[in-house]
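*Asks:* I need the structure of the sequence given here:
(chains A and B)
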Protein chains: 2
Amino acid sequence: MTQTAPSEKALVPFVSVDNMMRLIHRIGIEEMLRGLAEYIEADFKRWHLFDKTPRVASHSAEGVIELMPTSDGEVYGFKYVNGHPKNTADGLQTVTAFGLLADVASGYPVLLSEMTMLTAMRTAATSAVVARLLAPRASTVMAMIGNGAQSEFQTLAMKAICGLEEVRLFDIDAEATRKCAANLAGLGVTVTECSSAEEAILGAQIITTCTADKQYATILTDNMIGSGVHINAIGGDCPGKTELAPAILHRAEIFVEYPEQTRIEGEIQQLADDHPVTEIWQVLTGKAEGRRAEEQITLFDSVGFAIEDFSALRYVRDQLDRTGLYDALDMLADPDDPRDLFGMLQRSRPS
Amino acid sequence: MTQTAPSEKALVPFVSVDNMMRLIHRIGIEEMLRGLAEYIEADFKRWHLFDKTPRVASHSAEGVIELMPTSDGEVYGFKYVNGHPKNTADGLQTVTAFGLLADVASGYPVLLSEMTMLTAMRTAATSAVVARLLAPRASTVMAMIGNGAQSEFQTLAMKAICGLEEVRLFDIDAEATRKCAANLAGLGVTVTECSSAEEAILGAQIITTCTADKQYATILTDNMIGSGVHINAIGGDCPGKTELAPAILHRAEIFVEYPEQTRIEGEIQQLADDHPVTEIWQVLTGKAEGRRAEEQITLFDSVGFAIEDFSALRYVRDQLDRTGLYDALDMLADPDDPRDLFGMLQRSRPS
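*Replies:* Down below sits the predicted model:
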């Protein structure tokens, strides 16, 4: 080969699943959740700077593949994510993801990263940012309904960011609850396994619902929900998939990430198009009130928004130099003379 | 580390720039251009199967970053591509790209590939597929106006697919012409360097325009174009960027990839919204006529469409097993139990 090594401009830092897990351990999972929360909060506070667009979805009988782009004018980011409920039966993840950051000024990618693990982290961090803002004072107990892939991350984020002391687990699949309880053992949270959703929410100030593979399931009914709680609804996140009885929605003050997207995908798809909702960024910047009274029911109708992924990728990028936990990917053709792409190809010809 | 190697499901084949160049040399550039042309033609012939959408663009003062998704119902693909005319001044490519294919049934990515080199190849192959369909019989001479990164690829595709014998080069930058002529020396095409566009088009049956960084430039004026030619207009590919005088458009029969996109980005942005155009797939499937007479002027108003990238990625994927020219990228978190993402993370903890 007469070829020379690719120039530095041609190389894009890539964070593999392996390196993402090393990064989490290196930083510490709770510390990283706090770091992600800071980045997410900072980006929500500069909401108006972002180019916001509903995700671009390609639907099929089996699931959906989505692209979630956004930009703050200096950095562009997008996430590729799929949602395939039936994958579990084939031993595959229902959700996998990867993401990219690029420099707006040149269009050159600056980071490619796995985002299955990172999405779990950022979703939990977002839930905790919002719970810290909206949950009753001194919330120390959370009901965790749905004990799948997101449940441990949710619990640790609430511990690290909101001071959670006890989590009460319930899942219609007792095996999932056992898995979650085993994973959380020894991590500093009291874990209580419950045999019904009613039992799980006893004494809880925060109620997190995160179930999958249900069409208009009703995980929480109206009579189960007392006053003075914060509901963190994660699982209702696409058209036809909701978890809460409409009566709860009518009793709650509803908070959302980006109404244009949430009205299509969230719990509030069950409500009229003009049902009042408050945007999280407005509460974070003081433009709107959060919780107004201890007895109020607050509901975070979370569907996941592109800016959260952007924040998470920013956070990861900012750890690269310090940790070196990435590979350099030869992803961009970068000839010495930009007009001479063909010459670059010719010079690479095996002799 | 207690960690085990990632499972096969977690690994995505990645074709780096280096491996793409090896692939091109292994197959042979002209043979690969013919192969790409076959895949592009096959996909255009099953046009109705594709999920078609205009690209998703994020514009800034310096340029644009675009995502171009499509799907045939079995395979999903998208390309990331930027366009930054001023990059050249900083020693960067104006256009860089990468792309991905995924399995629609599971949402799992099956190929990640550099696409700067591959886009140059597929753009040239597309031009040649269309020229073979529309150019006058026995077209052996092409004028190549604009001698930048695309010019050699265009020439070789026209040689490999349409039987081109002579290319007549012109660029306002004589250095670009010299570069192109030097690169094409010894590759089986007669190369004639010209000092004006008028000189370049003398005796040419195919006229290719591919210039960059011009706002409503007029590369070809009406009086330069005689009858019985095929114009392959590559450079007019975004709002505000065109190369042909409107009078030429009015004299020509216009062929496009996807009218919804071309009316915004192509030469025909200069015409009324309802100006008649013919879609290439219609000619390829016999639903519409191509060239009807030797004296006609046919114009391919090419802007580049997602399906061409999809075809190119399909072609590359189909070479992987045979050539082994890829790396396996640890991009997808794939725990043994899909619900146990956290357990996978815990088991990776350094001991």
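
*Asks:* Tell me who's in contact with the residue positioned nearest the centre of chain A.
*Replies:* Nearest to the geometric centre of chain A sits A:Thr123, at 2.5 Å (C-alpha atoms, centre = their mean). For A:Thr123, the contact set (C-beta atoms under 8 Å, 6 or more residues apart in numbering or on different chains) comprises A:150, A:153-154, A:234, A:302, A:304, A:308. C-beta coordinates here come from the backbone N, C-alpha and C atoms, glycine included.

*Asks:* And the buried ones among those residues, selectable in PyMOL?
*Replies:* Typed into PyMOL, the line below selects the buried ones among these, using 16 or more other C-beta atoms under 10 Å in any protein chain shown:
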select buried, chain A and resi 150+153+154+234+302+304+308
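
*Asks:* Quickly name whichever of the contacts of A:Thr123 is closest to A:Thr262.
*Replies:* Within those, proximity to A:Thr262 (C-beta to C-beta) peaks at A:Ser302, which comes in at 8.4 Å.

*Asks:* OK, contacts around the closest residue to the closest one other than its chain neighbours?
*Replies:* In this structure, A:Ser302 finds its nearest non-sequential neighbour in A:Ile234, 5.3 Å apart by C-beta to C-beta, 6 or more residues apart in numbering or on different chains. Counting by C-beta under 8 Å, 6+ apart, A:Ile234 touches A:123, A:127, A:146, A:150, A:154, A:208-210, A:302.

*Asks:* I'd guessed A:Ser139 sits against A:Glu165; true?
*Replies:* No. Contact between A:Ser139 and A:Glu165 fails when scored by C-beta atoms under 8 Å: they sit 9.5 Å apart.

*Asks:* Comparing these two, which residue is more hemmed in?
*Replies:* A:Ser139 (21 against 13; other C-beta atoms under 10 Å in any protein chain shown).

*Asks:* For that one, which non-adjacent residue is spatially closest?
*Replies:* A:Gln205 (3.7 Å).

*Asks:* sorry, back to before: I'd like the contacts of A:Thr123 laid out as TSV, including distance to A:Leu36, pLDDT and secondary structure.
*Replies:* Output for the contacts of A:Thr123, formatted as TSV (distance: C-beta to C-beta, whole Å; pLDDT from 0 to 100; DSSP: H, G, I helix; E, B strand; the rest coil):
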residue	distance to A:Leu36	pLDDT	secondary structure
A:Gln150	14	93	coil
A:Phe153	11	98	helix
A:Gln154	13	98	helix
A:Ile234	16	90	coil
A:Ser302	15	93	coil
A:Gly304	14	90	coil
A:Glu308	9	96	helix
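
*Asks:* Can you show me the helices along the stretch 101-250 of chain A?
*Replies:* Using DSSP state H, counting those that start in this stretch, the helices of the stretch 101-250 of chain A run over A:116-134, A:151-162, A:174-184, A:197-200, A:246-251.

*Asks:* Distance of A:Ile297 relative to chain B?
*Replies:* Going from A:Ile297 to chain B by C-beta to the nearest C-beta, to the nearest Å gives 29 Å.

*Asks:* Touching, that residue and A:Val229? I think so.
*Replies:* Yes. A:Ile297 is within contact range of A:Val229, at 5.8 Å (criterion: C-beta under 8 Å).

*Asks:* of the two, who's got more company?
*Replies:* Using other C-beta under 10 Å as the criterion, A:Ile297 and A:Val229 rank with A:Val229 on top: 22 against 19.

*Asks:* re the thing from before, got CSV for the helices of the stretch 101-250 of chain A, with distance to B:Glu267 too?
*Replies:* Shown next, in CSV, are those (distance: least, C-beta to C-beta, whole Å):
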stretch, distance to B:Glu267
helix A:116-134, 42
helix A:151-162, 52
helix A:174-184, 58
helix A:197-200, 62
helix A:246-251, 52
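
*Asks:* Can you flag the weakest of those helices by average pLDDT?
*Replies:* Note on the helices of the stretch 101-250 of chain A: lowest mean pLDDT is at helix A:246-251, with a mean of 93.

*Asks:* ok, and the closest non-adjacent residue to A:Cys194?
*Replies:* Take A:Cys194 and drop its neighbours on the chain: the residue closest to it by C-beta to C-beta, 6+ apart is A:Ala200, 4.1 Å away.

*Asks:* for the one you found, what are its contacts?
*Replies:* A:143-145, A:168-170, A:194.

*Asks:* make it 6 Å
*Replies:* By C-beta atoms under 6 Å, 6 or more residues apart in numbering or on different chains, the contact set of A:Ala200 is A:143, A:145, A:168, A:170, A:194.

*Asks:* Tell me where the model's unsure across chain A.
*Replies:* Within chain A, the stretches with pLDDT under 70 are A:1-6, A:54, A:213-216, A:236-237.

*Asks:* how far away is A:Val129 from B:Val17?
*Replies:* With distances taken as C-beta to C-beta, to the nearest Å, A:Val129 is found 39 Å from B:Val17.

*Asks:* which parts of the stretch 101-250 of chain A sit against chain B?
*Replies:* Remark: the part of the stretch 101-250 of chain A in contact with chain B comprises A:104-107, A:114, A:116-117, A:120, A:148-149, A:152, A:176, A:179, A:183, using C-beta under 6 Å from any C-beta of the partner chain.

*Asks:* Of the residues you listed, which is the nearest to A:Gly73?
*Replies:* Minimum distance to A:Gly73 across these is 6.4 Å, recorded for A:Val104 (C-beta to C-beta).

*Asks:* Give me the distance between A:Pro178 and chain B.
*Replies:* Actually, residue A:178 is Arg. It isn't Pro. Counting by C-beta to the nearest C-beta, the gap between A:Arg178 and chain B amounts to 11 Å.

*Asks:* Could you find the closest non-adjacent residue to that residue?
*Replies:* Leaving aside its chain neighbours, A:Arg178 sits nearest to A:Glu193 (7.4 Å; criterion: C-beta to C-beta, 6+ apart).
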